[in-house]
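Q: take a look and give me a structure for this.
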Amino acid sequence: MDIRVAIFEDNLLLRESLFQLVNGTTGMCCTGAFANCDDLIFNINRVRPDVVLMDIKMPGKTGIEGVLTIHDKFPQVKVIMQTVVEDEDKIFASICNGASGYLLKNTPPATLLKSIVEVYEGGAPMTPVIAQKVLEKFRKQSVVTVKEFADLSNREHEILESLVEGMSYKMIAAARNISIDTVRFHIRNIYEKLHVNSKSEAVIKAMKS
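A: Numbers count the residues shown, from 1 in each chain. Predicted coordinates for the structure are as follows:
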């Protein structure tokens, strides 16, 4: 059975070239090629792809937003992002939003086709320079996060753990034998050290880390 591929690319010449490349390859077929993500859900439902080639930067809804929608609404569909720039923030955002692969647009056609097969089979193809950017970004994020939590005092760690467990300020005060005002004081310090603005943000950051 052919791998069904959909293309989202605003550059007409590139979109047509990708369409011809995929359709001219044994074992693949291009079920749709679109200039934007504005009708993304409708189009994915209509053409039912296995793999999507997604341009990261398009007018209107961007590829970063598009991959998040696909990940949420069509989790079985694999998405390979394509870009002309090595922007590590956009790379990181795309991967966090659910992209399965990330390639530069100057990737040779044979490598692109191989990547479609690879991602269809459960792999995560990346242009080497992109993979290096991702590793650098994760390394930076990890160092910052470790330092933030290391800055918390033992009491602040205890109170943060209580927040994660769903305890109210009153419950924390009773459990730790301190006043509610003291709980609030420690929580303000936690927010400042973790660079968050609310209880929910603090809990989410703690759970992720």
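
Q: quick one: low-confidence ranges for this structure?
A: With pLDDT under 70 as the threshold, the chain has low-confidence stretches at 86, 135-148, 207-209.

Q: give me the domain ranges for it.
A: Taking automatic domain parsing as the domain assignment, the ranges for the chain are 3-138, 151-208.

Q: most packed of these?
A: Among the domains of the chain, the stretch with the highest mean neighbour count (mean count of other CB atoms under 10 Å) is domain 3-138, at a mean of 18. In short, each C-beta sits where N, CA and C put it, glycine included.

Q: what sits against the residue positioned nearest the centre of the chain?
A: When the chain is reduced to its mean C-alpha position, the nearest residue by CA atoms, centre = their mean turns out to be C96, at 1.7 Å. Under the criterion of CB atoms under 8 Å, 6 or more residues apart in numbering, the contact list for C96 is empty.

Q: now it: how far from R184?
A: The spacing between C96 and R184, counted by CB to CB, to the nearest Å, is 32 Å.

Q: cool, and N11?
A: 54 Å.

Q: can you check E65 too?
A: Distance, E65 to R184, by CB to CB: 37 Å.

Q: what does S198 give?
A: Distance from S198 to R184, counting by CB to CB: 13 Å.

Q: again, but for L103
A: 49 Å.

Q: repeat for V129
A: V129 sits 48 Å away from R184 when distances are taken as CB to CB.
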